[in-house]
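Engineer: Give me the fold of what follows.
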Amino acid sequence: MTDRTDAFVSTSLGRLYVARRGAGPVTVCWHSLFLDSGSWAALTDELAALAPHRAVVTVDGPSHGRSEPVHRDFTFDECAHAAGEVLDGLGIAEPVDWVGNAWGGHVGLLLAATQPRRIRTLTTIGTPVPALSTRFRWTKAWPLVALYRWSGPTRFLSAALSDALLGPEVLAAQPDQASAVIDAFRCADRTGMLHAMRSMMLKRPDLSGYLPRVSVPTLMLAARDDDEGWPLHQAEAACTSMRNARAGVLSGSARVAPLLLDAELIARTLLDFWSEVAQDPAHDVETFGQ
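Structural biologist: Reported below is the predicted structural model:
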């Protein structure tokens, strides 16, 4: 992409690193927990090739990537507020097309529900709406946090997280890209990442109650074989409680996998979605997606 601008924006959750590429209607991308904006590289390249008239802003969330670490627990509401502060800090007054992967989708949902003037469309990729199940919390989440607290990002823990986030198909097909994506976890500030894991994973609330408040056109994308985390049928069920939403499926068995496996498909899907919304400025719930 050309016309790249890198900046740090002061927010209530510290200085967040953002990169803005291109000019035109704005797309904002917020990544999954554990990773950083580097996980969007393939998708932003595809968007640059297919839609050079658009601007893409990628954000490193608190305690991730180049953003400042937060040495306390924080909430999803605080993240949504910080996202608004990023838009204000960049001077973006018009509604944006928000694209969030997992954690980034949660932030987008809250932003669309509480500050709808900021969002033109919302796309979530691998973003489960319910809180963690009791079984997952005690068998996987708590052990992961405890192990990280005591040993940090060991090779074993990084490999386990890579498998959970990316899945075996990405590790087999794109090992170098997979390793680069997981480097964000390996290199993160340890205290900051620990608080982020506690806050955004263990304490993740059930966001189902916010869905009826989201009126902007919404696209919920799920990985085809993600049977445990966020399968397609759950995304479809979530869409039924929203005014203007539909679900779609992408390749992979984990929440981040589609970004590496289906970047071109995601880019084309997004452009079709945005074009459809632009042709229906009233966002008529009866006609959207038909």
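
Engineer: which residues sit against the helix or strand hosting residue 160?
Structural biologist: Here residue 160 sits within helix 155-173, counting by DSSP states H and E. Here helix 155-173 makes contact (CB atoms under 8 Å, 6 or more residues apart in numbering) with 32, 34-35, 144, 147-148, 151, 177-179, 181-182, 185-186, 223, 225, 251-257, 260-261. Every C-beta, even on glycine, is put in place using the N, C-alpha and C of the backbone.

Engineer: Check those for burial and list the buried ones.
Structural biologist: Buried members of the contacts of helix 155-173, counted by 16 or more other CB atoms under 10 Å: 32, 34-35, 144, 148, 177-178, 181-182, 185-186, 223, 225, 251-257, 260-261.

Engineer: and stretch 204-223, how far apart are its ends?
Structural biologist: The first and final residues of stretch 204-223 sit 20 Å from each other (CA to CA, to the nearest Å).

Engineer: try stretch 119-137
Structural biologist: Stretch 119-137 end-to-end distance (CA to CA) = 32 Å.

Engineer: Name the residues of that stretch that are buried.
Structural biologist: By 16+ other CB under 10 Å, the buried positions in stretch 119-137 come out as 119, 120, 121, 122, 123, 124, 125, 126, 127, 128, 129, 132.

Engineer: Sitting in strands, which of these do you find?
Structural biologist: Of those, the ones assigned to strands by DSSP state E are 119, 120, 121, 122, 123, 124, 125.

Engineer: Redo the residues you listed as JSON lines? Include pLDDT and distance to residue 83.
Structural biologist: Below are those laid out as JSON lines (pLDDT from 0 to 100; distance: CB to CB, whole Å):
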{"residue": "119", "pLDDT": "98", "distance to residue 83": "10"}
{"residue": "120", "pLDDT": "97", "distance to residue 83": "14"}
{"residue": "121", "pLDDT": "98", "distance to residue 83": "15"}
{"residue": "122", "pLDDT": "98", "distance to residue 83": "12"}
{"residue": "123", "pLDDT": "98", "distance to residue 83": "15"}
{"residue": "124", "pLDDT": "98", "distance to residue 83": "14"}
{"residue": "125", "pLDDT": "98", "distance to residue 83": "16"}
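
Engineer: State the pair within these that is farthest apart.
Structural biologist: By the measure CB to CB, 120 and 125 form the most distant pair in these, at 17.3 Å.

Engineer: which one of the buried residues of stretch 119-137 sits closest to residue 194?
Structural biologist: Nearest to residue 194 among those: residue 132, at 17.0 Å, using CB to CB.

Engineer: Pop out the phi and psi values for that closest one.
Structural biologist: Per-residue torsions, residue 132: phi -60, psi 140 (degrees, to the nearest 10).

Engineer: wait, it sits on residue 201?
Structural biologist: Yes. Using CB atoms under 8 Å, residue 132 is in contact with residue 201, at 7.1 Å.

Engineer: any common contacting residues for those two?
Structural biologist: With CB under 8 Å, 6+ apart as the test, residue 132 and residue 201 both reach residue 141.
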